[in-house]
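[1] fold the following.
(chains A and B)
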There are 2 protein chains.
Amino acid sequence: MSPGQFREEGKKVIDWIADYYEQIEKYPVLSQVKPGEILSSLPENPPEKGEQLDVMMRDLDEKIMPGITHWQSPDFYAYFPSNTSFPSILGDLVSSGLGVQGMIWATSPAATELETRVLDWLAQMMGMPGKFKSTSSGGGVIQDTASTSALTAVIAARERATNFQANEKGIRQKLVAYISTQTHSSLEKAIKMAGIGKENLRLIDVDEEFAMRPDLLEAQIRQDKEAGFQPFFVCGALGTTSSNAMDPLRKIGEIAQKENCWFHIDGAMSGTAMLCPEFRHLMDGVELADSFVFNPHKWMFTNFDCDVFWVANRNELIKTFSILPEYLKNKATESGAVFDYRDWHVQLGRRFRALKLWFVIRHYGVEGLQFHIRKHVEMSQIFTQWVNESEEFELLVPPPLNLVCFRHKNGDEFNLKLMNTINETGKIFFTHTKLNNQVVLRMSIGQTNTELKHLEAAWKIIRETAANLQ
Amino acid sequence: MSPGQFREEGKKVIDWIADYYEQIEKYPVLSQVKPGEILSSLPENPPEKGEQLDVMMRDLDEKIMPGITHWQSPDFYAYFPSNTSFPSILGDLVSSGLGVQGMIWATSPAATELETRVLDWLAQMMGMPGKFKSTSSGGGVIQDTASTSALTAVIAARERATNFQANEKGIRQKLVAYISTQTHSSLEKAIKMAGIGKENLRLIDVDEEFAMRPDLLEAQIRQDKEAGFQPFFVCGALGTTSSNAMDPLRKIGEIAQKENCWFHIDGAMSGTAMLCPEFRHLMDGVELADSFVFNPHKWMFTNFDCDVFWVANRNELIKTFSILPEYLKNKATESGAVFDYRDWHVQLGRRFRALKLWFVIRHYGVEGLQFHIRKHVEMSQIFTQWVNESEEFELLVPPPLNLVCFRHKNGDEFNLKLMNTINETGKIFFTHTKLNNQVVLRMSIGQTNTELKHLEAAWKIIRETAANLQ
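    As a prediction, the model looks like this:
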């Protein structure tokens, strides 16, 4: 394909995407295909000869689209959002077009330095403590997911706790880590992957709002120390996945600090709300954290993948992850004047992801981002009010931000049936969780294009379906 | 930005990329900026108000482009290629546009099933043993990088060797792993991250062609077992990074099998050559492997990131990485009839990367891909001949595929000076390594658009610069 052909074909793909967003509400939000349906529609053998783009785009429409669940539909309320925006798509397109590999500074200085700049911008935009900025002792790095960031934090914590000897000799200490019963599953996975062992992960119980109880954390640490364990890692949630519960970060952070534990804050979804000063009280105590993670690819209109991982002390991180083979040696690295981001995480290779973040921040501006976040939070409050005013539904907890947890009063089975029935219509898509061993429905309101009219229609279908099922 | 505006702005970005490729040879391949130059050209504060795309594109040209090293230039011979192609860019654009999250089957069935299909296609296209196909006991999954795949393999191996108890209790065994002195640095990093400890990684010496010596591997394993260690993991390289050395995979695999070690094959760059039957003798013994990795984002015209990780036994992998919180439970997962790829790796979230692979395979067809690979190998043979015919340069090893390792006869300092001088002209970009403690120059010939005329010009500048420096 020549640049001239790309010019032509590329514009068709742009039109295809624009058409898609113009028609997105016509698709069933949740794909209605059965297991194996897409697979069996695709040829078993690869093509010997090359094919035309038109044929591929036709197959995309006919064979792939029925198997798509439309995360970008304004009627999508499932899980957490994974929203995108047109500026983000274009920023990512430029990145694909350039095709540079930003593994170290020397392999494309702009990829490193733009990343440093936009992550410092973001720290400022979110009122983060100065120590997380590159101009101080810390800095930020773009990772793929909060799961990988959790692993990165756990491993750096492990090394700090062992004086960087676990990397060398393996794990000889009886290390123990602390999360709450509501912490995201990626933390358990990280503890396993890092060789700590699930037995050495303590799940601290939560209060009636599903936030970690610092008194129990303190007691557990005391007990572990008496039993000869070495506490090394504590994770606090700025918004849990099930119910968006807010852990008391200051109290947890103070305990972590006193006990020489690495304090990691997981704000994967809710971190974005820190763009608005009125929500920053939720991260009170953040200055006690060693690392902080949030995902612009969830609620900040930046397409997957884009996860921001800040650390307070970059030297600890780099000491943990740095490896310098001969074939990557270069003058800039040796000078010590540059960041080589491959030393800040698991991977070596790096896509130029700062571009899409730069496009998003500049397109919206701080005010534009705040406007959309506030709108989502406001809509969640409206939905909460509807639930509170209804006779048949009840609220589980008052939503601090944009996730509403509620349930029909008719019990678990009815709630699951209600959810599945509605999701199968394709009109909206939402998911469930369990809190206090009860099935709870989750309306996660954060899709880029969701307006009040969509939410009104969603509430109508929920109520009507419930009435019909009774 | 409305779909209508996106339609307009998107086409400008497509034109920008087409223009870029039309002019790519005019840029200095290696960015000539100094540390901090790009950073200081970017505003210290984020914009309060939103900005127009035109302004951002102008800044892209003026501020970012000087800091780009042009990996897609036909004059790029550094590291390993990270090549892309127009169909890949378009496939990735569709993925960005759809913005779906393929973490589990239910969140977008097509993302999972297209991935299963194209990885089975690839297995067939490369003559991989049947066990790596999804229709057998194994299967493939797209990862971001070979580093992450190495970590995945090491952790799965660790679990198999400990009867899945390291995940639960931490590492209590004296596990020991084997690579060669030439194995990629990501393996050492993986061993550290997984909690095994660098002390428990044995670097087996290599023969005169820099391939692992199986006799030394066998002796080392025997010695370790006698000392009470438990060998659990062996990595063989289908092409090392420094010199593209080919480890004797069959012999290594036989030893690994006999000793109950997980056998991982790292074919990050050279795996792509298996598309051509005439190169498959290089992976003789592949049927002994437990896992195999190669990067379409290196030499298969697929933009970063796209790493293919095949396992012989997917159940071991899933048992190692699976975690199922309530909020991700769904009927399809419970039925057991689907793959949930988040259980095949470190991350939870997943981009729809199979699309670009599908576009690339269909655009080129098997024959088209073979054509380009053969062309690159042929050009490497031509370059080798030039080196052999010259009086002032010498070849280090005969290149099995597309990486030529050579050096000027004037010694290390001269070679480094020669390389730096040429790279600073911006006309071509190539890198060095050390073999037998000598500086060696690497010409890595695999960029999508490199033609013989580019290579001729490269050889000319190398010879002329060397003559001028003497």
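
[2] quick one, helices of the stretch 201-350 of chain A?
    A:214-226, A:249-258, A:296-299, A:314-321, A:331-335 (DSSP state H, counting those that start in this stretch).

[3] and the helices in the stretch 351-470 of chain A, which stretches?
    Under DSSP H, counting those that start in this stretch, the stretch 351-470 of chain A gives helices at A:354-389, A:412-425, A:452-469.

[4] make JSON lines out of the ones you listed and add mean neighbour count and mean pLDDT.
    Where you see a C-beta, it was placed from the backbone N, CA and C, and this is true even at glycine. JSON lines is the format used below for the helices of the stretch 351-470 of chain A (neighbours: other CB atoms under 10 Å in any protein chain shown; pLDDT from 0 to 100):
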{"stretch": "helix A:354-389", "mean neighbour count": "20", "mean pLDDT": "98"}
{"stretch": "helix A:412-425", "mean neighbour count": "16", "mean pLDDT": "97"}
{"stretch": "helix A:452-469", "mean neighbour count": "16", "mean pLDDT": "97"}
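
[5] wait, which of those helices is closest to chain B?
    Of all the helices of the stretch 351-470 of chain A, it is helix A:354-389 that lies closest to chain B, at 4.1 Å by CB to the nearest CB.

[6] touching chain B at all, the closest one?
    Yes. Residues of helix A:354-389 contacting chain B under CB under 8 Å from any CB of the partner chain: A:L355, A:W358, A:F359, A:I361, A:R362, A:H363, A:Y364, A:G365, A:V366, A:E367, A:G368.

[7] close to chain B, is stretch A:444-453?
    No. Judged by CB under 8 Å from any CB, stretch A:444-453 makes no contact with chain B; its nearest approach is 9.1 Å.

[8] how far is that stretch from where the chain is centred?
    Taking CA atoms, centre = their mean, to the nearest Å, one finds stretch A:444-453 lying 18 Å from the centre of the chain it belongs to.

[9] and the residue of chain A nearest chain B?
    A:G195 (2.1 Å).

[10] ok, that residue touching B:G197?
    No. In this structure, A:G195 is not within contact of B:G197 by CB atoms under 8 Å, at 9.1 Å.

[11] overlap in contacts, these two.
    Residues touching both A:G195 and B:G197 (CB atoms under 8 Å, 6 or more residues apart in numbering or on different chains) are A:A166, A:G170, A:I171.

[12] tally of neighbours for the second one?
    Using other CB atoms under 10 Å in any protein chain shown, A:G170 has 24 neighbouring residues.

[13] how about the nearest residue to it, chain neighbours excluded?
    Nearest non-adjacent residue to A:G170, counting by CB to CB, 6 or more residues apart in numbering or on different chains: B:G197, 3.1 Å away.

[14] may I have the phi/psi pair for that neighbour?
    phi 90, psi 130 (degrees, to the nearest 10).

[15] confidence score at it?
    Here the pLDDT value assigned to B:G197 is 97.

[16] ditto for A:Y327
    Reported pLDDT at A:Y327 in the predicted model: 78.

[17] same check, this time on the one 4 residues further on
    The per-residue pLDDT reported for A:K331 equals 85.

[18] how many residues are close by it?
    So A:K331, with other CB under 10 Å, has 11 neighbours.

[19] that older thread, go through the helices of the stretch 201-350 of chain A and pick out the most buried.
    Scoring these by mean neighbour count under mean count of other CB atoms under 10 Å in any protein chain shown gives helix A:296-299 as the most buried, with a mean of 29.

[20] report the mean per-residue pLDDT for that helix.
    When pLDDT is averaged along helix A:296-299, the result is 97.

[21] does chain B sit close to it?
    Yes. Using CB under 8 Å from any CB, helix A:296-299 reaches chain B at A:H297.

[22] same question, stretch A:25-40
    Yes. Under the criterion of CB under 8 Å from any CB, stretch A:25-40 makes contact with chain B via A:S31, A:V33, A:P35, A:G36, A:E37, A:I38, A:L39.

[23] can I get that stretch as CSV, trimmed to CA atoms?
    Written as CSV, here are the backbone C-alpha positions of stretch A:25-40 (Å, rounded to 0.1, in the frame of the first residue of the first chain):
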residue,chain,number,x,y,z
GLU,A,25,-27.3,3.8,19.6
LYS,A,26,-28.8,1.5,17.0
TYR,A,27,-26.6,-1.4,18.0
PRO,A,28,-27.5,-3.7,20.9
VAL,A,29,-25.1,-2.6,23.6
LEU,A,30,-24.3,-6.1,24.8
SER,A,31,-23.4,-8.4,21.9
GLN,A,32,-26.0,-11.1,21.5
VAL,A,33,-23.8,-13.8,19.9
LYS,A,34,-23.3,-17.2,21.3
PRO,A,35,-19.9,-18.7,22.1
GLY,A,36,-18.1,-19.9,18.9
GLU,A,37,-20.4,-18.0,16.6
ILE,A,38,-17.9,-15.4,15.4
LEU,A,39,-15.0,-18.0,15.3
SER,A,40,-17.0,-20.3,13.1
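
[24] and that stretch, what's buried?
    Neighbour-count burial for stretch A:25-40 flags A:Y27, A:P28, A:V29, A:L30, A:S31, A:Q32, A:V33, A:P35, A:E37, A:I38, A:L39 (criterion: 16 or more other CB atoms under 10 Å in any protein chain shown).

[25] now those in JSON lines, with secondary structure?
    Listed next are those as JSON lines, based on DSSP: H, G, I helix; E, B strand; the rest coil:
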{"residue": "A:Y27", "secondary structure": "coil"}
{"residue": "A:P28", "secondary structure": "coil"}
{"residue": "A:V29", "secondary structure": "coil"}
{"residue": "A:L30", "secondary structure": "coil"}
{"residue": "A:S31", "secondary structure": "coil"}
{"residue": "A:Q32", "secondary structure": "coil"}
{"residue": "A:V33", "secondary structure": "coil"}
{"residue": "A:P35", "secondary structure": "coil"}
{"residue": "A:E37", "secondary structure": "helix"}
{"residue": "A:I38", "secondary structure": "helix"}
{"residue": "A:L39", "secondary structure": "helix"}
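
[26] widest-spaced pair of the residues you listed?
    Spatial extent of these (CB to CB) is set by the pair A:V29 and A:L39 at 21.9 Å.

[27] got the phi/psi numbers for A:P74?
    Taking degrees, to the nearest 10 as the convention, A:P74 sits at phi -70, psi -10.

[28] wait, what's in contact with it?
    The contact partners of A:P74, by CB under 8 Å, 6+ apart, come to A:I24, A:E25, A:Q447, A:T448, A:N449, A:T450, A:E451, A:H454.

[29] mark which of the residues you listed are buried, thanks.
    The neighbour-count test (16+ other CB under 10 Å) marks A:I24, A:Q447, A:T448, A:N449, A:T450, A:H454 as buried among the contacts of A:P74.

[30] let me know the closest of those residues to A:P398.
    A:T450 (20.5 Å).

[31] quick one, phi psi at the closest one?
    Per-residue torsions, A:T450: phi -70, psi 130 (degrees, to the nearest 10).

[32] and the gap between it and A:V118?
    26 Å (CB to CB, to the nearest Å).

[33] A:F406 now?
    Separation of A:F406 from A:V118 (CB to CB): 37 Å.

[34] so between those two, which is more surrounded?
    Remark: of A:F406 and A:V118, A:V118 carries more neighbours, 27 against 22, as counted by other CB under 10 Å.

[35] does any bit of the lowest-mean-pLDDT helix or strand in chain A sit next to chain B?
    Across the helices and strands of chain A, the lowest-confidence element by mean pLDDT, DSSP states H and E is helix A:331-335, at a mean of 85. Yes. Against chain B, helix A:331-335 shows contacts by CB under 8 Å from any CB at A:K331, A:A332, A:S335.
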